[in-house]
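# quick check, what structure comes out for this input:
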Amino acid sequence: MKPYRQGHLDGLCGVYALVNAVNKLCGPLNKREAQALFLDILEYLESRGPLAYRCVDGIYIQDIASILKHVVCEYYPILRYKPSHTRPRISLSLYLQSLISAFRSMTLTACVMF
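Take a look at the predicted model:
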């Protein structure tokens, strides 16, 4: 029987993805800074409901967007931009065109979250 490894029993990949994105866009973060951000994210999630379930089941895209808004963007110069947020039935080509236009006009470091 193979032993369980990190990630086999937890759903923390979204939290790690956020820490890694900040590290890539605004870093490098040292271990203390990365751990502080990790803890801030977990505390934020806990303020929104039982943390134990999120540690096992993971977080959803709505959680990630909320963490970006209320935790990450509070401490780091990352711009959140949702070009089609008010147009939920936008075509893929128009969506991609709006992203291209947005990236061309930005002076900050940016990433795309689907």
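
# where does pLDDT dip in the protein?
Residue ranges of the chain with pLDDT under 70: 81-87, 106-114.

# domain assignment for it?
Split into domains by automatic domain parsing, the chain comes to 1-78, 81-114.

# which of those domains is buried the deepest?
Counting by mean count of other Cβ atoms under 10 Å, domain 1-78 has the highest mean neighbour count of those, with a mean of 14. Every C-beta, even on glycine, is put in place using the N, C-alpha and C of the backbone.

# how far does that domain stretch from one end to the other?
Across domain 1-78, the terminal residues are separated by 44 Å (Cα to Cα, to the nearest Å).

# show me the contacts for residue 7.
By Cβ atoms under 8 Å, 6 or more residues apart in numbering, the residues touching residue 7 are residue 13.

# please read the previous query as pertaining to residue 40.
Residue 40 neighbours (Cβ under 8 Å, 6+ apart): 71, 75.

# state the helix or strand in which it lies.
Assigning secondary structure by DSSP states H and E places residue 40 in helix 31-47.

# by contact count, what packs against the helix or strand following that helix?
Reading on from helix 31-47 to the C-terminus, the next helix or strand found by DSSP H and E is helix 51-57. Packing contacts for helix 51-57, counted by 3 or more Cβ pairs under 8 Å, 6 or more residues apart in numbering; DSSP states H and E, involve helix 31-47.

# so how far is residue 72 from residue 25?
Taking Cβ to Cβ, to the nearest Å as the measure, residue 25 falls 10 Å from residue 72.

# what's the overlap in contacts for those two?
residue 78.

# from residue 101, how far off is the residue nearest to the spatial centre of the chain?
With distances taken as Cα atoms, centre = their mean, the residue of the chain nearest its centroid is residue 18 (4.0 Å). Separation of residue 18 from residue 101 (Cβ to Cβ) stands at 26 Å.

# thanks again, I'm all set now.
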